[in-house]
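>>> Sequence and predicted structure below; questions after.
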Amino acid sequence: MLQFSDLPALTGGTLLQLPAAPAAMQRLLLDSRRVETPADSLFLALRGPQHDGHRYLPELYRAGVRQFVVQDDVLLADFPEAGFLRVPDTLAALQTLATHHRRHFPIPVFGITGSNGKTIVKEWLAQLLSPDELICKSPRSYNSQVGVPLSVWELTASHTLGIFEAGISEPGEMARLARIIQPTLGIFTNLGTAHDAGFASPAEKVAEKMRLFEQVDTLFYCADHELIHAAARRQLSPARTTRVAWTRQRARFDAQEADLLITMQEAAADRAVVRVERARPRPQEHTFTLPFADEPSVENALHGLSVLLWRQVPPPEIQQRLDRLQPVAMRLEMKQALHDCYVLDDTYNNDLAGLRLALDALARQARRGRRTLILSDVLESGLAGAELYARVASLLPSHGVERLIGIGPDISRHHAAFQGLQTEFYPDTAAFLAAFQPEQFRQELILVKGARRYGFERIVAAFQQKIHGTVLEVNLDALVHNLNFYRRRLQPGVKLMVMVKAFAYGSGSAEVANLLQFHRADYLAVAYADEGVDLRQHGISLPLMVMNPAPDAFQKLRQYHLEPEIYSFERLHDYLSAAREAAMPAIHLKLDTGMRRLGFAEEDLPELCRLLRENAAHLRVASALTHLAGADEEQHNNFSREQLAAFARMTPQLEAALGYPILQHALNSAGIVRFPEAQHSMVRLGIGLYGVEASGQEPDALRPVSTLRTTISQIKTLPAGHTVGYGRRGQATDHERRIATLAIGYADGYDRRFGNGAGEVLIRGQRAPIVGNVCMDMCMADVTHIADVQAGDAAVIFGENLPLTELAARIGTIPYELLTNVSERVKRVFVAE
Ligand SMILES: *Cc1c(COP(=O)(O)O)cnc(C)c1O
């Protein structure tokens, strides 16, 4: 086991201080929010464009971490018991450690790269080889410069095979990943046509990716990707590397450019039959059935199939393993459930690494209340039962789990490992469901994690009993993508306030706020004090601005530390009298520079400054802000610039009166894109976070966050001449129609103006117009032109391919209104990949 004192020689760094008590370095820690076992962790302070690990050293030290690798100087006196190593580049040091670790395990290791399918090929290969091997593989898609070293670090002496994926975005990156993975086998999945900003040409990209395989013994790939085929022949030495290529083209096979000819015999909706011909070592022919038929899945499976054939697994056995292939679900969903509970539903595969990721997600939730884990037997771990469940048990307290419900014979047998937790055990899922008492779950977070064969979707359904057919799905990854888009546009040091008013634009305030807290936004803003109280009750501790606090809410402001926006003398006097009695939170001064809605005007400044000066002892000002009236439209540019100029004139006077600097902010989402010069010290991000690019200048930069989805309750066939719905408004036609009744109406927030053809929904990927009036709880769509529609099918109201901007324009409103109208009775489901 590596010691801290070994690090200087290994990394070429400078030892600043040895730890007072040397300990093993089991875990590599990069994120101060993920401390599990501080004593045996080594923290590496990475620095990226939006992140600097050095900022969290004191926090980590307080949490008990004692071993650090840094690239800046540190004040050692603040960390008397800790060991510090300084290196020029902490990321390079991380990679060096992983490279060193990998050298201890002389086992075969697959490296996988390609444009698409890396993660699925990796997971399927692991499924196909798991009967023969104890496999260490990258969790999810940990394939980056940071993810690869972390994955490789997980290798232990019990593993017999490694499978690691590698993803790159710039030249030079693959050589580094290849050094860490040291693959002996390779799979090049495919080459997408997507333009890669980091590369001059597709040929350059493929050459860079191929570098992963320069030392492998065997490379598997599809020779029909011409660029891959050419690069493999050019770059890999035939003396060193055997190429196992498969093709679907007989001419290529006959010309001996590929070893396997794979042809599609038959494709049904849910399976495909393929024939495989081999010329060597002797001519052979086999037929296999794949349990799916879509082209990407077929290609991904064929890579795995070619590996099994090369390993000489008998064909009947190959077929059995193919039959057991499971779709790779990468999503973690958080679902509203009964009694104010939330269920974290993780269908990702059930090994220790997957469990740890799910527990991390659970621990990241700020929401208060008990945390329960419902866990099946952990399969695919490669560890003996006692050791395995001891490892599982050691993870639970540090992730806040208080109660464990174990389901399965194995976990039940090892119940003794979980002493100290509240526990229940059941032999199988049916036994749990038979004993299920909903009253025993209240206001808690429940992580449901089971191997597929346990059918835990039945447990999730039991928790969601009364959910009606309409859900708003909020994609948290898209939200983070959008957050980062705006962050990249900020000048260094500019802070970010995020508007989570109006239920976070309809998306669910507590969950969105939790994510923003995790991603370290600087400030949040809501409209009313009660919204702020709700966030505090859900564990949100970020500074919070309340834009419109009524005087009768001042007590709450104090109690929950909510900072009010003050926009008039009247409010200021009210607040001052409260502040004279007891300390009140800092305030934000709203300046009216042209919106003519709320705020102090320029001519109010002398009086305002006088009041601030006189009350300096008991009133603290956190910021001054103004709001642009036309930030999203070019035609108002001059007006916007005048507003910004007025703001720039007014704020220095405030600071002079106060005698200390305050934050200053003027830009909303559209403003961030259109007036980069006016960021001041903070910006206020709103609709952009939720996926609507209001300035129109960057139409493709954001990802849609919300999908409103309902189900078809019934399909009716309507003879020619019949009308649909109330008021007989659905126009009769001269032909027979099929009409789908959808389980959404204006009480769910579906606007009545979408009635009678103004609106469209997506069913089976096709657009269907709304017919007749939108009713309170339902509406009707014409699906005559869509084949195979059935009751129970999903209908998308808005989301990908049905953008909010377009729908809003159809009824003469703005996306803001459509988003915030979605009624709170519609259940929110939060998904992350
Ligand atoms: C809502 C709001 C914003 C955010 O506006 P978007 O257009 O959604 O980015 C910014 N500032 C104030 C004062 C707001 O009320």
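That came through, no problem. Numbers count the residues shown, from 1 in each chain.

>>> Only C-alpha atoms from now on, for both contacts and neighbour counts.
Noted.

>>> Give me the mean pLDDT for stretch 598-607.
What stretch 598-607 shows for mean pLDDT is 96.

>>> ok now it, how far from the chain's centre?
Centre-to-centre, stretch 598-607 and its host chain are 44 Å apart (Cα atoms, centre = their mean, to the nearest Å).

>>> how close does residue 168 get to residue 208?
Using Cα to Cα, to the nearest Å, one gets 9 Å for the distance from residue 168 to residue 208.

>>> shared neighbours, these two?
With contacts defined as Cα atoms under 8 Å, 6 or more residues apart in numbering, the residues shared by residue 168 and residue 208 are residue 174.

>>> hang on, residue 149 packs against residue 94?
Yes - if you go by Cα atoms under 8 Å, residue 149 and residue 94 touch, sitting 6.8 Å apart.

>>> touching the ligand at all, whichever strand or helix holds residue 479?
Element membership for residue 479, per DSSP states H and E: helix 476-488. No - counting by Cα under 6 Å from any ligand atom, the ligand is not contacted by helix 476-488; separation bottoms out at 10.8 Å.

>>> Count the residues that sit near the nearest residue to residue 144 once chain neighbours are set aside.
Once flanking residues are discounted, residue 144 sits nearest to residue 167: 5.6 Å by Cα to Cα, 6 or more residues apart in numbering. Residue 167: 22 surrounding residues under other Cα atoms under 10 Å.

>>> Please report the distance of residue 167 from the ligand.
34 Å (Cα to the nearest ligand atom, to the nearest Å).

>>> And that residue, how far from residue 302?
Distance from residue 167 to residue 302, by Cα to Cα: 21 Å.

>>> just checking, residue 589 touches residue 569?
No - contact criterion Cα under 8 Å: residue 589 and residue 569 do not qualify, at 10.7 Å.

>>> quick revisit: what's the model's confidence in the helix holding residue 479, averaged?
Mean pLDDT, computed over helix 476-488, is 94.

>>> That one: how far from the chain's middle?
Distance of helix 476-488 from the chain centroid (Cα atoms, centre = their mean) equals 10 Å.

>>> Who are the packing partners of it?
Counting contacts by 3 or more Cα pairs under 8 Å, 6 or more residues apart in numbering; DSSP states H and E, helix 476-488 packs against strand 827-832.

>>> So for residue 589 and residue 569, which residue has more residues nearby?
Higher neighbour count among residue 589 and residue 569: residue 589, with 24 against 15, using other Cα under 10 Å.

>>> After the helix or strand where that one lies, which helix or strand is next? Please name it.
According to DSSP H and E, residue 589 maps onto strand 587-590. Going down the chain from strand 587-590, the next helix or strand is helix 605-614, by DSSP H and E.

>>> Which positions in that following helix come out as buried?
605, 608, 609, 611, 612, 613 (16 or more other Cα atoms under 10 Å).

>>> just those residues now: which is nearest residue 808?
Of all these, residue 808 sits closest to residue 605, with 39.7 Å by Cα to Cα.

>>> which residues touch that closest one?
Listed by Cα under 8 Å, 6+ apart, the contact partners of residue 605 are 650, 653, 654.

>>> Mind doing that once more with 10 Å?
591, 611, 650, 651, 653, 654 (Cα atoms under 10 Å, 6 or more residues apart in numbering).

>>> can I assume the second one is in contact with residue 573?
Yes - proximity of residue 611 to residue 573 meets the contact threshold set by Cα atoms under 10 Å, at 9.1 Å.

>>> neighbours of residue 254, just the number please.
Neighbours of residue 254 (other Cα under 10 Å): 12.

>>> now swap in residue 158 and tell me
Residue 158 is flanked by 12 other residues according to other Cα under 10 Å.

>>> Likewise for residue 239?
For residue 239, the neighbour count with other Cα under 10 Å is 7.

>>> now do residue 106
Neighbours of residue 106 using other Cα under 10 Å come to 11.

>>> List the contacts of the residue of the stretch 51-200 of the chain found nearest the ligand.
Going by Cα to the nearest ligand atom, the ligand is nearest to residue 51 of the stretch 51-200 of the chain, at 23.5 Å. Shown in contact with residue 51 (Cα under 10 Å, 6+ apart): 45, 519, 520.

>>> quick one, phi/psi of it?
In terms of degrees, to the nearest 10, the main-chain angles of residue 51 are phi -160, psi 140.

>>> likewise residue 423?
Backbone torsions for residue 423, taken as degrees, to the nearest 10, come to phi -130, psi 150.

>>> Bridging across strands, which residues link to it?
Assessed by DSSP bridges, residue 423 has beta-bridge partners residue 404.

>>> Next one: the closest residue to the ligand within the stretch 501-650 of the chain from residue 590, what distance?
Residue of the stretch 501-650 of the chain nearest the ligand, by Cα to the nearest ligand atom: residue 627 (5.4 Å). Relative to residue 590, residue 627 is positioned 8 Å away (Cα to Cα).

>>> circling back to that earlier point, filter the contacts of residue 605 down to the buried ones.
With burial judged by 16+ other Cα under 10 Å, the buried subset of the contacts of residue 605 is 591, 611, 650, 651, 654.

>>> I'd guess the fourth one is in a strand, am I close?
I take that to be residue 651. No - with DSSP: H, G, I helix; E, B strand; the rest coil as the criterion, residue 651 is located in helix rather than a strand.

>>> Can you mark which positions in stretch 165-178 are buried?
For stretch 165-178, by 16+ other Cα under 10 Å, it's 165, 166, 167, 168, 173, 174, 175, 176, 177, 178.

>>> Stretch 551-559 now?
Buried residues in stretch 551-559, defined by neighbour count with 16+ other Cα under 10 Å: 554, 556, 557, 558.

>>> Report the set of residues contacting both of residue 627 and residue 590.
Common neighbours of residue 627 and residue 590 (Cα under 10 Å, 6+ apart) are 598, 599, 665, 666.

>>> who touches the first one in this structure?
The reference is to residue 598. Taking Cα under 10 Å, 6+ apart as the test, what residue 598 contacts is 548, 566, 567, 568, 590, 591, 592, 626, 627.

>>> Can you identify the element that follows the helix or strand residue 128 falls within toward the C-terminus?
Under the criterion of DSSP H and E, residue 128 resides in helix 118-129. Using DSSP H and E, the helix or strand that follows helix 118-129 in sequence is strand 135-137.

>>> residues making contact with that following strand?
Contacts of strand 135-137 (Cα under 10 Å, 6+ apart): 109-110, 122-123, 126-127, 129, 151-156, 158-165, 353, 380-382.

>>> Quick check on those: which are buried?
For those, a burial check counting by 16+ other Cα under 10 Å picks out 109-110, 122-123, 126-127, 129, 151-155, 159-165, 353, 380-382.
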